[in-house]
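Colleague: Any chance you could fold what I've pasted below:
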Amino acid sequence: MSLALAAALTLLPEAAFAAELDGRSLGFIWALPFAGILLSIALFPLLAPEVWGHHQGKIAALWGLLVLVPMALSEGPTTALHTLAHTAFLEYIPFILLLLALFTVAGGILVRGNIHGAPVTNTVLLAIGTVLASFIGTTGASMVMIRPVLRANDDRRHNVHVVVFFIFLVSNVGGSLTPLGDPPLFLGFLRGVDFFWTTRHLLPSTLFVSGLLLALFFLVDRFIYKKEGRTRPDPTPDNPVRIDGGINFVLIAVIIGAILMSATVDLGRFTLAGSEIEVANMVRDLIMIAVTAVSLALTPKANRFDNGFSWGPILEVAKLFAGIFITIIPALAMLKAGASGAFAPLVALVTNPDGSANNAAYFWLAGGLSSFLDNAPTYLVFFELAGGDPQALMTKGALTLAAVSAGAVFMGANSYIGNAPNFMVYAIAREGGVKMPSFFGYMLWSGAILLPTFLIATLVFFGG
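Modeller: Residues are numbered from 1 along each chain as shown. Next comes the predicted model:
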């Protein structure tokens, strides 16, 4: 996932169903399908991987039907159809097409050659991957960088820590600076958050957290490197590094240009199935399809083969997102009701006695759920809980939106299932001979390293 990445849905304040449905009158039962699909995504791969691998699409569809059928019965089939069309045209399709384009482009970039994984070299490699994640996504950067990092360290007796910090930085924290970096931030963009708002407001906390983690990694790696020495022959001797598939860097620029165009140019609009569609957004989505086709046509097939590229992860994301985009609709309507709805206790947790937002609580609650569920729908839940108005959140609520964004992106690193690239990196590293820690073993690493880091970040940036 997230790519495999992740899961999410949008808020739909203009959707017919959300507009007509009074969240104050909804019982908590309406939120159960949303909770069900998130728990399915979190637990099935661990408890029943074969069942999940063969039936994940059916499971997602079942949860979606548990919302759509009652919606059609209680609100009428027309309202249900318009709501589904709104979600598909304005949220789901743009989201999946961006992920598809980034996934395809990243899969065509191949780093060949090898260098020796000494502490300085490893730190530089992780820093490069951390920066790259904000431009080709955490999944894309993870898939481009993990094999060069493994090759650089395949003569090291102790290299688990290298992969663990890779997951912390490249697969999570690095994706926080643009909407391209991680699914929650692109959903925020689709809801009206400016493209560069994330860069401006998350840059200080991202630099702080990533800088602290890189410095700590260097100290740990240097200690281990000096202690172990070179005791094994290098199965991949050093040779010059080169990057193949350069056309894909041009295509990344095209993707960024298309997104900026859709946010700044007004080409008119038209109505389809009750949903108002902006022509500029439709052009953006067509460009994503074109970028995907051009990358496939112009990138040597050997690049994708050597990268271990397959369509499985993006197909999984597409199926799971479809279910999440549907099941979250009533949950978001309930959140819009605020203290008058079923989620009043959650509202109380993130609100100070004087009625102001408790930004530290937003950071930790959004992050805590993102550690074990999926960070994209988690982001949307707290985006709505904070008011759901992008203009207000980008201005007077800027610190709250930054807390939600940082929590959702950063804390996906707390467990293997917090963000899709985590488990992908885990699988590739194990295949490469790295003795990766178990699920709970990894959480000992994240608990010892990430939680103190996030606590310091809370005190410095979010008024803890």
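
Colleague: Assign a three-state SS to Glu276, would you?
Modeller: strand (DSSP: H, G, I helix; E, B strand; the rest coil).

Colleague: Then Val111?
Modeller: Val111 - assigned by three-state DSSP - is strand.

Colleague: neighbours of the closest residue to it other than its chain neighbours, just the number please.
Modeller: The shortest distance from Val111 to any non-neighbouring residue, by C-beta to C-beta, 6 or more residues apart in numbering, is to Pro148 (4.5 Å). The C-beta positions use only the backbone N, C-alpha and C, and glycine is treated the same way. For Pro148, the neighbour count with other C-beta atoms under 10 Å is 21.

Colleague: Would you verify that Pro148 is located in a helix?
Modeller: Yes. Pro148 sits within a helix when classified using three-state DSSP.

Colleague: Does it touch Leu125 like I think?
Modeller: Yes. Counting by C-beta atoms under 8 Å, Pro148 does reach Leu125; the two are 6.8 Å apart.

Colleague: check contacts around Arg156.
Modeller: Gly117, Val162, Tyr225, Glu228, Arg232 (C-beta atoms under 8 Å, 6 or more residues apart in numbering).

Colleague: for the residues you listed, which one is nearest Ala403?
Modeller: Val162 (30.2 Å; C-beta to C-beta).

Colleague: which stretches of the stretch 51-200 of the chain aren't confidently modelled?
Modeller: By pLDDT under 70, the low-scoring segments of the stretch 51-200 of the chain are 113-115.

Colleague: In helices only, show me the contacts of Arg156.
Modeller: For the contacts of Arg156, the ones inside helices are Val162, Tyr225, Glu228, with DSSP state H as the criterion.

Colleague: Those into JSON lines, with extra columns for distance to Leu335 and neighbour count?
Modeller: Output for the ones in helices among the contacts of Arg156, formatted as JSON lines (distance: C-beta to C-beta, whole Å; neighbours: other C-beta atoms under 10 Å):
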{"residue": "Val162", "distance to Leu335": "40", "neighbour count": "24"}
{"residue": "Tyr225", "distance to Leu335": "49", "neighbour count": "18"}
{"residue": "Glu228", "distance to Leu335": "51", "neighbour count": "13"}
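
Colleague: Let's have those in JSON lines, adding distance to Gly181.
Modeller: Formatted as JSON lines, the ones in helices among the contacts of Arg156 follow (distance: C-beta to C-beta, whole Å):
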{"residue": "Val162", "distance to Gly181": "22"}
{"residue": "Tyr225", "distance to Gly181": "30"}
{"residue": "Glu228", "distance to Gly181": "34"}
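
Colleague: Show me which of those residues is closest to Leu99.
Modeller: Val162 (27.3 Å).
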